[in-house]
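1. Provided below are the primary sequence and the corresponding predicted coordinates.
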Amino acid sequence: MSTRPESVLSSAKATRAPARSGNEKSARGKRPSKKKAEGAQSTLVKLRVLYPDAHCELNFGSPFQLLVATVLSAQTTDVLVNKITPHLFARYPDAPSLAAADPPEVAHLLVSFGMGMHNQKAKNIVGLARMIMLNHEGRVPRSLEALTELPGVGRKTANVVLGVVWGDPEGVVVDTHVQRLAQRLGWTRATTPEEIERDLCALFPREDWAILSHVLIFHGRRTCFARKPACEACGVNEDCPCAFRAENVGRKPKRVRPPKAG
Ligand code: SF4
């Protein structure tokens, strides 16, 4: 992602979040040992030194555009989303213009760049723009609860927006890289995103939740690859319990094809 000018984000008008309630509490899992938490936090410090520029790699110019780009990024790459959004945002730069759009026209634009699930995604982004106009005075809401009421917006997307725009997510964004890295680094034994998120929230202080996922995604894209992790070159291999034997850790299980009939 291009790093957004601070002014873009700081000037963004947004519905303020309600006072912290049970959200933080519910995101935290069973308290880990002090030693384990200190070890994980020390590894995060090293990763932050390795990736001082870790950030969300989607391009956007406003909180609304980040929300739309993140919804579009489901099941596809940031690279493809970044190819499409300049064209999309040239025609529909904000909530009022996208709310007035015709979903089939938006779907046509998406599919012309090769985006899958284009009909559903077009319906979602037009729908969320309309709901933002109707319920939030055209501003992106600033709470997990309100964000996840928008079409196509789940917990992960909501926390991307809360973390990137306001630096205050209500959990840790767990994508495929975060899942794999958290398992390889020995920070979780869980296998579902929800349980992994709970373990990570328990290991790290809230102020690290936003940067944690950016740093892990950077490391996963540049060094700790799914199939062939570059352990030799990895700056945290001394901390990693899977170093040099990680190929099969944290990877999606192979699909077993059903035998052909007859
Ligand atoms: S040592 Fe290997 S498995 Fe561990 S974090 Fe580094 S690249 Fe990944």
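-> Cool, got the structure. Residues are numbered from 1 along each chain as shown.
2. Isn't Arg180 up against Gly220?
-> Yes. Look at Arg180 against Gly220 with Cβ atoms under 8 Å: they come within range, at 6.2 Å. C-betas here are computed from N, CA, C, even on glycine.
3. joint contacts of the two?
-> Each of Ala226 lies in contact with both Arg180 and Gly220 under the rule Cβ atoms under 8 Å, 6 or more residues apart in numbering.
4. Near the nearest residue to Arg184 once chain neighbours are set aside, how many other residues are there?
-> Closest residue to Arg184 apart from its sequence neighbours, by Cβ to Cβ, 6 or more residues apart in numbering: Cys242 at 4.4 Å. Using other Cβ atoms under 10 Å, Cys242 is surrounded by 19 other residues.
5. Look at Cys242 and give its secondary structure.
-> Taking DSSP: H, G, I helix; E, B strand; the rest coil as the rule, one finds Cys242 in the coil state.
6. residues contacting it?
-> Counting by Cβ under 8 Å, 6+ apart, Cys242 makes contact with 184-186, 249.
7. how about those in CSV, adding neighbour count and secondary structure?
-> Shown next, in CSV, are those (neighbours: other Cβ atoms under 10 Å; DSSP: H, G, I helix; E, B strand; the rest coil):
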residue, neighbour count, secondary structure
Arg184, 23, helix
Leu185, 25, coil
Gly186, 16, coil
Val249, 15, coil
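8. which regions of the stretch 1-150 of the chain lie under the pLDDT threshold?
-> Applying pLDDT under 70 to the stretch 1-150 of the chain flags residues 1-30.
9. Give me every residue in it lying close to the ligand.
-> Counting by Cβ under 6 Å from any ligand atom, the stretch 1-150 of the chain comes close to the ligand at no residue.
10. all helices for the stretch 1-150 of the chain, in order.
-> Assigned helices in the stretch 1-150 of the chain, in chain order: 6-10, 22-27, 34-50, 63-72, 78-91, 95-99, 103-112, 118-135, 144-147 (criterion: DSSP state H, counting those that start in this stretch).
11. Most tightly packed of these?
-> Neighbour counts (mean count of other Cβ atoms under 10 Å) averaged over each of these peak at helix 63-72, with a mean of 26.
12. Who are the packing partners of that helix?
-> Helix 63-72 sits against helix 78-91, helix 118-135, helix 155-166, with contacts defined as 3 or more Cβ pairs under 8 Å, 6 or more residues apart in numbering; DSSP states H and E.
13. and the ones you listed as JSON lines, adding distance to Leu147?
-> Output for those, formatted as JSON lines (distance: least, Cβ to Cβ, whole Å):
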{"stretch": "helix 78-91", "distance to Leu147": "18"}
{"stretch": "helix 118-135", "distance to Leu147": "9"}
{"stretch": "helix 155-166", "distance to Leu147": "4"}
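14. Give me the buried positions along stretch 158-176.
-> Residues of stretch 158-176 classed as buried: 158-166, 168-174 (neighbour count, 16 or more other Cβ atoms under 10 Å).
15. Perfect, that will be all.
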